[in-house]
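*Asks:* Quick one, structure for this:
(2 chains, ligands or ions: 1)
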Amino acid sequence: MNKKKLYLYPLWLRIWHHVNAVLMIVLIFTGVSMQYSDPNYPLIRFDIAVDLHSTSGIFLTISYFIFLLGVLFSSIGRYYLVKTEGFFTAFARQLRYYLFGIFRGEKSPFKVTQERKFNPIQLISYNVIMHAITPFTFITGWALIFPETIVLNVYGYSGIMLTSLVHSIAGFLISIFLVIHLYVITIGPSPTANLKSMIHGYHEAIETEKTEEIEK
Amino acid sequence: MNKPSRIYCKACNRKILLLVILLISFSNAYNKDNPEDVLDPETQKCLDCHAGMRYTLTDPVTGDMASLKMYDELRIDPHLYVRAAHGGFACTDCHSLDYEIHPHPISVKFEFQYSCLDCHGGDEHFARFNFEKVEEEFNVSIHGNHYIENFSCWSCHNPHTYRLTVREGGRIVDIVAYNNSICLECHGDISHYAVLIERQLTNMLSKHEWLPNQSLHFRKVRCIDCHAAVHYDILVAHHVLPASEAVRNCVECHSTNSILMASLYKHKTVERRSRFGFFNSEITTDAYIIGANRNYYFNLASIVILGLVLLGIAIHATLRYIHYRQRK
Ligand code: HEM
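*Replies:* Sure, this is the predicted structure:
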């Protein structure tokens, strides 16, 4: 047994993450409820959904900037840097592993170390979600809270409509991310190992005896 | 005890005033592009006094002249007058000929006032407006179902400025601004309200505080869309209900069966779903109403994508599980 334990998730990051996750889930449910509002089958009462959605959106924005400060100025920042050189081959290797290798008992191609927390797929998806789609969502969201900031008419369409459309699509992408994210975190030494890491902060490496046996 | 609330209300009234000014200037801006105001000479004669801030009166005996103030209430904007539904009329088509005398003699104070139906009732030419039905609806409305001195169709239909907007089908924001300015003429202005009824004017903004994005709502929907019951035979609902029966349930507008399709957007030909798959797509030029304008194709695509992702995960998980069992 050479279980290595790396402390990769500092407390603030874990707190941020769970607050963020709760907010995101509230936003997704209230958002879907508003989009599919129906007088006969109210998922969540419309005005309550609106209030919850706006409030969570405001807190999410704050939470996002806390995260951004962390990425810019704390030790976790380095995990988010993408090395362009050789990235595609690395990405392809990881993809191959997820699609085939994993069923053949291969070892994950990128070992988690103190310097490298994410494999290329995690790296790119966390970056895209956190630095592109989430800001898109809350910027359009704020615009919808202050609709007077929106250009009223674009080529015969309501500017509010276009903003809402972008907002909904971005929200949808986050929902898809969440579904995949929830599944992918079950890939580890045990299905709940990653989840536990996110609670106590220590990463449990996949280098258990079993995988090493298969290596030989 | 009363003081703080009065101070509070003063501030609110100023806010309402601002709102009114905003709405009125909005509806005025709509007219600005027509430069020519052609008035017939008879009308012009009355407007020599009734259009300006001041007028001059000459004493026929002594020949003395005085420049006097024309009170706000009695002023008529020629610009709006010529564009009004009855802008082609001479003043004395409706008003007593005695008005040609200055100062106006006492007889004018007892002039007969025409009602809309006096001229429009049973007239084939105006059948599409269905004046009879409108009157019936008005008579059961909160303004018409009991006697309020001086309250008539003219109270909302300013004889000198009223024009058609809904039927003309301009921009929704202009229609809404114009229509709402009619209601706010009283409900946002104590001096017009107090003439009719001895009651505290309630504050519109605080009474509608429950509505989020209030200013957006007030620009995008009319008061009557929430406050009046629609009638299929008329274009503009006139059955204003007691406030307790007003629409408060968001989903009545914010759903694919939006009530707005039978009211504000009634004049547009409507299909439930058309033009690039938007439900109630007629709205999308002017607004986007959460819940009412969902897009069929986007919804379909999102369900398909979500389905594929879940399927992918299910397959992946199954294969992982099989592999795990084999290894054991
Ligand atoms: C849409 C909402 C969510 C977003 C945007 C999100 C985003 C993220 C990000 C950016 C990380 C990397 C954090 C870091 O180590 O620097 C992460 C890791 C993680 N998340 Fe989430 N998350 C969400 C929801 C959830 C939920 C609901 C759960 C569990 C119930 C969860 C479980 C985890 C776990 C276990 C990790 C660590 C695994 C790893 O490092 O890849 N996440 N998440």
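*Asks:* where's the closest residue to A:Phe118 other than its chain neighbours relative to chain B, distance?
*Replies:* Spatial nearest neighbour of A:Phe118, excluding adjacent residues (Cβ to Cβ, 6 or more residues apart in numbering or on different chains): A:Tyr79 at 5.8 Å. Just so you know, the C-beta spots here come from the backbone N, C-alpha and C atoms, and that holds for glycine as well. Per Cβ to the nearest Cβ, to the nearest Å, A:Tyr79 is found 25 Å from chain B.
*Asks:* Show the model's pLDDT score for A:Tyr79.
*Replies:* Per-residue pLDDT puts A:Tyr79 at 90.
*Asks:* Kindly report the same for A:Leu173.
*Replies:* For A:Leu173, the predicted pLDDT is 96.
*Asks:* which secondary structure element contains it?
*Replies:* Counting by DSSP states H and E, the element that carries A:Leu173 is helix A:159-184.
*Asks:* Following element in sequence after that helix, please.
*Replies:* helix A:193-200.
*Asks:* List the buried residues in the helix or strand following that following helix.
*Replies:* Going down the chain from helix A:193-200, the next helix or strand is strand A:202-204, by DSSP H and E. By neighbour count with 16 or more other Cβ atoms under 10 Å in any protein chain shown, strand A:202-204 contains the buried residues A:203-204.
*Asks:* Helix or strand with the lowest mean pLDDT in chain B?
*Replies:* Least confident helix or strand of chain B, by mean pLDDT, DSSP states H and E, is helix B:3-29 with a mean of 44.
*Asks:* rewinding a little: what residues are up against the residue nearest to A:Phe118?
*Replies:* Counting by Cβ atoms under 8 Å, 6 or more residues apart in numbering or on different chains, A:Tyr79 touches A:116-118, A:123.
*Asks:* cutoff 10 Å now
*Replies:* Contact analysis of A:Tyr79 by Cβ atoms under 10 Å, 6 or more residues apart in numbering or on different chains lists A:8, A:71, A:114-118, A:122-123, A:126.
*Asks:* returning to that earlier point: list the helices and strands the helix holding A:Leu173 packs on?
*Replies:* Other helices and strands packing on helix A:159-184, by 3 or more Cβ pairs under 10 Å, 6 or more residues apart in numbering or on different chains; DSSP states H and E, are helix A:11-35, helix A:120-128, helix A:134-145, strand A:153-154, helix B:296-327.
*Asks:* Low-confidence ranges, the chain, go.
*Replies:* As the question left the chain open, I've gone with chain A. For chain A, the stretches with pLDDT under 70 are A:1-4, A:152-156, A:205-216.
*Asks:* ah, I was thinking of chain B
*Replies:* In chain B (pLDDT under 70), the answer is B:1-36, B:269-276.
*Asks:* Provide the secondary structure category for the residue at minimal distance from the centre of it.
*Replies:* Nearest residue to the geometric centre of chain B (Cα atoms, centre = their mean): B:Asn179, 1.4 Å. Using DSSP: H, G, I helix; E, B strand; the rest coil, the structure places B:Asn179 in helix.
*Asks:* Compute the number of surrounding residues for the nearest residue to it once chain neighbours are set aside.
*Replies:* Leaving aside its chain neighbours, B:Asn179 sits nearest to B:Arg222 (4.6 Å; criterion: Cβ to Cβ, 6+ apart). By the measure other Cβ atoms under 10 Å in any protein chain shown, the count of residues near B:Arg222 is 24.
*Asks:* can you pull the contacts of B:Arg222?
*Replies:* B:166, B:172, B:175-180, B:182-183, B:228, B:236-237, B:260, B:263-264.
*Asks:* ok, 7 Å please
*Replies:* Shown in contact with B:Arg222 (Cβ atoms under 7 Å, 6 or more residues apart in numbering or on different chains): B:176, B:179-180, B:264.
*Asks:* List the buried residues of the longest helix belonging to chain A.
*Replies:* Determined from DSSP state H, the single longest helix within chain A is helix A:46-73. Buried residues in helix A:46-73, counted by 16+ other Cβ under 10 Å: A:46-47, A:49-50, A:52-54, A:56-57, A:59-61, A:63-64, A:66-67, A:70-71.
*Asks:* how about stretch A:71-82, does it reach the ligand?
*Replies:* Yes - Stretch A:71-82 is in contact with the ligand by Cβ under 6 Å from any ligand atom, via A:Ile76.
*Asks:* Could you export that stretch as PDB, CA atoms only?
*Replies:* C-alpha atoms of stretch A:71-82 as PDB (Å, rounded to 0.1, in the frame of the first residue of the first chain):
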ATOM      1  CA  VAL A  71      -6.900  31.600  -9.000                       C
ATOM      2  CA  LEU A  72      -5.000  34.900  -9.600                       C
ATOM      3  CA  PHE A  73      -3.200  35.200  -6.300                       C
ATOM      4  CA  SER A  74      -3.200  31.900  -4.400                       C
ATOM      5  CA  SER A  75      -1.300  28.700  -4.900                       C
ATOM      6  CA  ILE A  76      -4.200  27.000  -6.800                       C
ATOM      7  CA  GLY A  77      -3.700  29.400  -9.700                       C
ATOM      8  CA  ARG A  78      -0.900  27.400 -11.200                       C
ATOM      9  CA  TYR A  79      -3.300  24.400 -11.700                       C
ATOM     10  CA  TYR A  80      -5.300  26.500 -14.100                       C
ATOM     11  CA  LEU A  81      -2.500  27.400 -16.400                       C
ATOM     12  CA  VAL A  82      -2.700  25.700 -19.800                       C
END
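*Asks:* Give me every residue in the stretch 151-300 of chain B lying close to chain A.
*Replies:* Those residues of the stretch 151-300 of chain B that sit near chain A, judged by Cβ under 7 Å from any Cβ of the partner chain, are B:212-213, B:216, B:250-252, B:254-255, B:284-288, B:290-291, B:293-294.
*Asks:* Go again with 6 Å.
*Replies:* Contact residues (Cβ under 6 Å from any Cβ of the partner chain) of the stretch 151-300 of chain B with chain A: B:212, B:216, B:250-251, B:254-255, B:284-288, B:290-291, B:294.
*Asks:* Confirm B:Leu68 sits in a strand?
*Replies:* Yes - assessed by three-state DSSP, B:Leu68 belongs to a strand.
*Asks:* For the stretch 101-250 of chain B, which residue gets nearest to the ligand?
*Replies:* Ranking the residues of the stretch 101-250 of chain B by distance to the ligand (Cβ to the nearest ligand atom) places B:Pro212 first, at 24.8 Å.
*Asks:* Tell me the spatial nearest neighbour of that residue, not counting adjacent residues.
*Replies:* Once flanking residues are discounted, B:Pro212 sits nearest to A:Val50: 5.7 Å by Cβ to Cβ, 6+ apart.
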